[in-house]
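> curious how this folds, go ahead:
(one chain, ligands or ions: 3)
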Amino acid sequence: MMYLEKIDSLNIAETKYKCSLCKDIGYILQNGNATECYCRLKLYQKALPERHRKATFDSLDYSNLDKVLGLKEAINYFKKTPLSKLQKGVYLQGEVGRGKTLIACAIFNNYLGQGTLKFVVVDDLIRKIKEAFNKDTEFNIEIYMKADLLILDDLGAERTTEFVEGEIYNIINYRYNNKLPTIITSNINWNDLESNYPMNGKRISSRISEMAGSFNLNGIDYRRKK
Ligand SMILES: Nc1ncnc2c1ncn2[C@@H]1O[C@H](COP(=O)(O)OP(=O)(O)OP(=O)(O)O)[C@@H](O)[C@H]1O
Ligand SMILES: [Mg+2]
Ligand SMILES: [Zn+2]
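Ligands and ions are numbered 1, 2, ... in the order given. Here you go, the predicted model:
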């Protein structure tokens with residue numbers, strides 16, 4: 001009996017595959033349609049900062065956000081627009097601790113299950129690109145360029161060089177040309193974005209202004225309030 005119970009508790013299928021639900025294919029059939037399996041969604045979500053991983057629109061404190069011109073409308077727009085129809089993103093600007101990354105993560109989670117979602121801190125992305133360049137290792141920038149939704153966290157916090165500007169321009173330009181929604185957070189004020197990138201500033205900021213609505217998150221530093 002003991003043995004039988006043990007065998008029962010050992011799910012062979014589960015030991016064979018990392019995900020017993022999709023058998024590591026990444027897709028499952030739901031009502032006749034192939035949809036992304038939960039294991040894949042979990043993998044997308046792993047890119048979010050752990051602190052903000054569970055962020056949703058409902059979990060936000062709106063006492064300050066309600067004062068941000070147009071932000072509520074933008075959030076409602078995300079709530080009712082499926083990712084396949086979403087063409088416009090947002091540029092969330094403001095001082096530290098205003099909730100920019102938190103909101104970006106809530107937008108991300110709102111679209112979980114609707115396509116390829118990528119969240120990346122711009123400085124990390126640049127580091128990955130440089131590493132791949134120097135060591136000739138494989139890094140597929142196209143995964144970020146072509147994602148159905150891309151979140152670029154902390155744009156402008158990276159040290160700008162000609163190379164960095166070129167890479168940022170390429171990503172933004174690709175997404176602009178292909179009408180792919182991009183969410184950007186930055187400490188840099190809308191007007192200063194241009195001068196932050198001495199080479200491609202005009203080209204970068206002009207594209208962003210058409211592909212994303214800009215929101216100014218002022219108010220309190222939530223980190224200090226805690
Ligand atoms: N509207 C909000 N509701 C609840 N918590 C919030 C809100 N805004 C910010 N916070 C909390 O404040 C802290 C800072 O938020 P967040 O990391 O999003 O700031 P940020 O604007 O991205 O700052 P930085 O520019 O330094 O990256 C987090 O712990 C976050 O959960
Ligand atoms: Mg942030
Ligand atoms: Zn799976």
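> how about the residues of this structure by ligand 1?
60-61, 65, 94, 96-102, 154, 185, 187, 222-223 (C-beta under 6 Å from any ligand atom). Every residue, glycine included, has its C-beta placed from N, CA and C.
> which of those residues sit farthest apart?
Asp61 and Asp154 (21.6 Å; C-beta to C-beta).
> neighbour-wise, which of those two wins?
Between Asp61 and Asp154, counting by other C-beta atoms under 10 Å, Asp154 is the more crowded of the two (19 against 10).
> could you check the distance from that one over to Ala34?
Note on Asp154: its distance to Ala34, by C-beta to C-beta, to the nearest Å, is 35 Å.
> repeat for Ala132
Taking C-beta to C-beta, one finds Ala132 at 31 Å from Ala34.
> residues touching Leu155, list them.
Residues near Leu155 by C-beta atoms under 8 Å, 6 or more residues apart in numbering: Val122, Ile168, Ile184, Thr185, Ser186, Ile188, Leu193.
> give the helix, strand or coil label for the second one.
At Ile168, secondary structure determined by DSSP: H, G, I helix; E, B strand; the rest coil is helix.
> cool, the last one as well?
Judged by three-state DSSP, the three-state class of Leu193 is helix.
> excluding sequence neighbours, find me the nearest residue to it.
Distances taken as C-beta to C-beta, 6 or more residues apart in numbering place Ser205 nearest to Leu193, at 4.4 Å, with adjacent residues excluded.
> also the second one?
When the adjacent residues along the chain are set aside, Ile168 lies closest to Ile204, with 6.3 Å between them (C-beta to C-beta, 6+ apart).
> touching, that neighbour and Asn170? I think so.
No. Using C-beta atoms under 8 Å, Ile204 makes no contact with Asn170, being 10.2 Å away.
> who has more neighbours out of these two?
Under the neighbour definition other C-beta under 10 Å, Ile204 and Asn170 were set side by side, and Ile204 has more, 22 against 14.
> got a list of what that one touches?
Glu165, Ile168, Tyr169, Ile172, Leu193, Glu194, Tyr197.
> so which of those residues is surrounded by the most neighbours?
Ile172 (25 neighbours).
> for stretch 20-34, buried residues please.
Buried residues in stretch 20-34, counted by 16 or more other C-beta atoms under 10 Å: Cys22, Ile28.
> so who does Gly213 touch?
Gly70, Ala74, Lys88, Gly89, Val90, Tyr91.
> can I get these in CSV including distance to Met145?
Shown next, in CSV, are those (distance: C-beta to C-beta, whole Å):
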residue, distance to Met145
Gly70, 28
Ala74, 24
Lys88, 18
Gly89, 14
Val90, 19
Tyr91, 18
